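Chemist: Please find the sequence and the predicted model below.
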Amino acid sequence: MTSTTSSFPERIELAGEGLVLRDWTEADLGAMPELFDHPDIAYWTPIVSPFDAPAARLRLDRARQLRAEGTTILLAITVDGGAPLGEVMLRRAPEGAELGYAVGPAHRGQGLAVRAVRVMAAYAFEQLGVDQVILELEAENTASAAVAVKAGFELLDVPLIEGDEKGRPFALQTWGLSRS
């Protein structure tokens, strides 16, 4: 898929796997720092650190901008449509769609990331018509590699994606899940 594909819906709510993935709202701004201002998230993700109230406002605004551009969806992970427990991302990519996720430290160990990835992958296959969904993860991020395996992804035999972010080098492995 390319950036010429149609835009995303103005509002999205996806339910499945005991979760409701929904749009971020103004009411979530106060909860976002608790979810994202953590050393693990600062280290493994491109999310800004420190993550404070102004960062929350910028993230909400950026999520809305990326949605309007038709490139990326950022959704709050919830169990019932209420309090956010983390975030799942879908970005259009040459391979089809790329997913990403972050779960707040207080909410880890409940399978939220695995379930959110499965729901978002199903959306990509069914609604966007992609043939493959990918995750790009650092091999040393054992928690994210475990999410990939549990969600049914396989490590692809493609070159590492190398770069530098937040002053540290990284090398990302690409994991793939194909439409069944």
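Modeler: Great, that's in hand. All of these numbers come straight from a predicted model, not from anything done at the bench.
Chemist: Now do the SS call for residue 84.
Modeler: Here residue 84 takes the coil state, with states given by DSSP: H, G, I helix; E, B strand; the rest coil.
Chemist: hey, what's the residue nearest to it when sequence neighbours are not counted bridged with?
Modeler: Closest residue to residue 84 apart from its sequence neighbours, by CB to CB, 6 or more residues apart in numbering: residue 76 at 3.8 Å. All C-beta atoms are positioned from the backbone trio N, CA, C, and that covers glycine. Beta bridges link residue 76 to residue 22, residue 87, judged by DSSP bridges.
Chemist: and residue 76, how many neighbours does it have?
Modeler: 24 (other CB atoms under 10 Å).
Chemist: Next up, the contacts around it.
Modeler: 21-24, 28, 84-87 (CB atoms under 8 Å, 6 or more residues apart in numbering).
Chemist: Look up the residues forming beta bridges with residue 170.
Modeler: Beta-bridge pairing for residue 170 (DSSP bridges): residue 163.
Chemist: Then residue 91?
Modeler: Counting by DSSP bridges, the residues bridging with residue 91 are residue 72, residue 98.
Chemist: quick one: pLDDT of the residue nearest to residue 84?
Modeler: Looking at residue 76, its pLDDT stands at 98.
Chemist: got it, and residue 95?
Modeler: For residue 95, pLDDT reads 81.
Chemist: Just give the number of residues close to it.
Modeler: 16.
Chemist: who touches it in this structure?
Modeler: Applying CB under 8 Å, 6+ apart to residue 95 gives the contacts 132, 134, 176.
Chemist: Try it again at 7 Å.
Modeler: Applying CB atoms under 7 Å, 6 or more residues apart in numbering to residue 95 gives the contacts 132, 134.
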